[in-house]
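*Asks:* Have a look at this prediction, sequence included:
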Amino acid sequence: MASEKQMQNLTDEFICTQVVNRGLDGRTAKAYRIDLDLFFRWLESGKQENLKAEGMEQKMETYLKYLSGEQGLRFATVCRKHQVLGYYLSYLKSQGMIEEFRPLEQPKSCKKVSTDTVLSKKEVDAFFRAIHREYEELDSEFRKRVCLRDQIMMELLFYHRIEVSELLRMEVSDYNRKSGVLTIHRKREKIRKVPLFSSSLKKQMEQWLEAHTYFDRGGLYQNRMFLSKLGKPLSMKMITNIFDKYRVLAGIEKECTPKDLKNSLGRYGEELMREMG
C-alpha cells in the first residue's frame with residue numbers, strides 16, 4: 001500500500017481527473033482541494049497517535065466524526081467531505097495506490113440530510129409568502145426591484161430545479177421573451193430548454209428585464225441575468241444569504257440551503273404546479 005505522503009501528492013492529479021476534465025465548476029475544484037488538504041493536515045497534526053495502525057478508511061471515518069462531533073460542522077458540510085473522501089479512495093484504487101477499500105461509513109449527521117433539510121409544503125408556502133409580503137410592504141422602488149430579483153431566483157430554484165451555479169451563469173439572452181423559454185447551460189456544455197411554469201413568473205421576468213438597466217448600468221456585466229446592487233455578478237454566498245433572509249422571515253428554523261429548496265419540489269411538485277396553473 002502506498003504511504004500517506006504518496007496519497008497526498010496525488011491530490012493535483014485527482015482534481016484534474018475528477019473535476020477539471022469532467023468540466024465541473026472551478027469552485028468545485030477549489031472545494032475538493034481544501035477538503036483533502038485539511039484531511040491530510042489533520043493526519044499530520046500528531047494529535048491522532050492511535051490512528052497509526054488503522055487503514056485509510058478508518059482514518060477518514062474518524063476524521064469525519066471529529067468534524068461532526070468536536071468541530072460541530074453542519075450536516076451538509078460533513079456530508080460533502082464524506083463524498084469527496086469517498087471519491088478519493090476510489091481514485092486511489094484506480095491508480096493502483098491501494099488494493100481494495102470499503103465504502104466509508106456515513107456519519108449519523110449525514111444520514112439526516114436527505115430527510116431533515118428538505119422543506120415541507122407548509123415551509124415552502126411560508127417561504128414564498130415571506131418574499132411576497134416584503135415586496136408588497138417595501139416603499140422604495142429600488143428595493144422592490146431587488147426583492148423582485150430575489151423572488152424570481154428562488155422560484156427558478158424551486159419550481160424548475162435549476163442549480164445555483166446555473167442561475168449564476170445565466171445571461172439575459174438565455175431568456176426568450178416571446179416564447180417564455182429559458183436556455184439553461186449545464187455542465188459539460190449540455191443545454192436544457194425550460195418553459196417557465198406560470199404566467200405569473202413570465203410577468204415577473206418581464207418586470208425584471210425592464211428593471212435590469214438599473215443594475216447593469218451599461219457596465220462589464222450587463223449581459224448577466226442576475227446582478228448585485230453594485231452591478232456585479234452574484235456569488236454563491238450571496239444566493240445563500242438571500243435564501244437565509246427569507247427562511248428566517250418565514251420562521252423556518254431547520255438547517256437548510258438553497259439546494260434543499262431546489263430538492264423540495266419532488267415531494268409535492270405536481271400538486272403545487274396545478275395550484276399555480
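*Replies:* Everything's here; your move.
*Asks:* Quickly note the distance from S198 to L209.
*Replies:* For S198, the distance to L209 (CB to CB, to the nearest Å) stands at 17 Å. All C-beta spots, glycine's among them, are computed from the backbone N, C-alpha and C.
*Asks:* L167: what's it in contact with?
*Replies:* M153, L156, L157, F226, I239 (CB atoms under 8 Å, 6 or more residues apart in numbering).
*Asks:* how about the host helix or strand of the last one: buried residues?
*Replies:* Assigned by DSSP states H and E, I239 belongs to helix 236-249. In terms of neighbour count (16 or more other CB atoms under 10 Å), helix 236-249 has its buried residues at M238, I239, I242, F243, Y246, R247.
*Asks:* cool, stretch 97-104 as well?
*Replies:* Those would be M97, I98, L104, for stretch 97-104 by 16+ other CB under 10 Å.
*Asks:* quick one: which of those is nearest G55?
*Replies:* Distances from G55 to those, taken as CB to CB, are shortest for I98 (8.8 Å).
*Asks:* confidence score at the nearest residue to C256 once chain neighbours are set aside?
*Replies:* Spatially, and ignoring its direct neighbours in sequence, C256 is nearest to T117 (4.4 Å; CB to CB, 6 or more residues apart in numbering). For T117, the pLDDT comes out at 80.
*Asks:* What about T117, how many residues nearby?
*Replies:* 20 (other CB atoms under 10 Å).
*Asks:* Using CSV, lay out the contacts of L167 together with pLDDT, secondary structure and distance to R33.
*Replies:* Conversion of those to CSV gives the following (pLDDT from 0 to 100; DSSP: H, G, I helix; E, B strand; the rest coil; distance: CB to CB, whole Å):
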residue, pLDDT, secondary structure, distance to R33
M153, 97, helix, 28
L156, 95, helix, 30
L157, 93, helix, 27
F226, 95, coil, 28
I239, 95, helix, 22
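*Asks:* about what we covered before: run the chain-centre distance for the very next helix or strand once past the helix holding I239.
*Replies:* With elements assigned by DSSP H and E, the helix or strand that comes after helix 236-249 is helix 258-263. Relative to its parent chain, helix 258-263 has a centroid offset of 8 Å by CA atoms, centre = their mean, to the nearest Å.
*Asks:* Which strands and helices lie in contact with helix 258-263?
*Replies:* helix 141-159, helix 164-169, helix 236-249 (3 or more CB pairs under 8 Å, 6 or more residues apart in numbering; DSSP states H and E).
*Asks:* Identify each buried residue in stretch 72-86, please.
*Replies:* Result for stretch 72-86 [16+ other CB under 10 Å]: buried residues L73, F75, A76, V78, C79, R80, K81, H82, V84, L85, G86.
*Asks:* Distance from the chain centre to it, please.
*Replies:* Here the centre of stretch 72-86 is set off from its chain's centre by 13 Å, with CA atoms, centre = their mean.
*Asks:* Name the next helix or strand following the helix or strand hosting D37 along the chain.
*Replies:* According to DSSP H and E, D37 maps onto helix 26-44. Downstream of helix 26-44, the next assigned helix or strand under DSSP H and E is helix 56-69.
*Asks:* Let's test this: mean pLDDT of the helix or strand following that following helix, rounded?
*Replies:* Using DSSP H and E, the helix or strand that follows helix 56-69 towards the C-terminus is helix 75-94. Rounded to a whole number, the mean pLDDT of helix 75-94 is 84.
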